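In: any chance you can model this:
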Amino acid sequence: MQKEKIILFVCVENAGRSQMAEGFFNKCAPKGYHAVSAGTTPAGEINPLAVQAMKEIGIDISRQKLKIITDDMIRNSAKAINMGCMDRSDCPLLFLNNHIDWSIQDPKGRPIESVREIRDQIERKVKELAESLKQEADV
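Out: Presented below is the predicted three-dimensional model:
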């Protein structure tokens, strides 16, 4: 039995963007893939507006856990996606090799309307990623 490939979504606090990406990816993941999200300095809780915005479209991320990025996560990931950095001293890019940088705005401190726009941008990017992984598997 082949082990699932891990797609790692990272941001500094692992409280918004990366959690939403994990939720989206695990909903539409191609066979043989699974998402994990993590951060360099995880916050105390998932952003409540990110949870609300995801619930509005039928994805519950409220039970996902905040995780600190580890060497094992990096080593075991098939792809690592950096959601975007605000703080270069804690940026996950410092730790990732062969990463993809999505440069998505942080939803922290933003109104729900902005969080919805960020959610929709993440959804589009995750679906594109899932489709490209499916195409790679079909080759």
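In: pull the contacting residues for the most centrally placed residue in the chain.
Out: When C-alpha atoms, centre = their mean is applied to the chain, the residue found nearest the centroid is Ser18 (2.9 Å). For Ser18, the contacting residues are 9-11, 37-39, 83, by C-beta atoms under 8 Å, 6 or more residues apart in numbering. Where C-beta positions appear, they are placed from N, C-alpha and C, glycine not excepted.
In: check the closest residue to Lys5 other than its chain neighbours and give its pLDDT.
Out: Among residues not flanking Lys5 along the chain, Ala78 sits closest, at 3.9 Å (C-beta to C-beta, 6 or more residues apart in numbering). As predicted, Ala78 sits at a pLDDT of 91.
In: can I assume Ala78 sits in a strand?
Out: Yes. Counting by DSSP: H, G, I helix; E, B strand; the rest coil, Ala78 is part of a strand.
In: I'd say it and Phe25 touch.
Out: No. Taking contacts as C-beta atoms under 8 Å, Ala78 lies outside contact range of Phe25: 11.8 Å.
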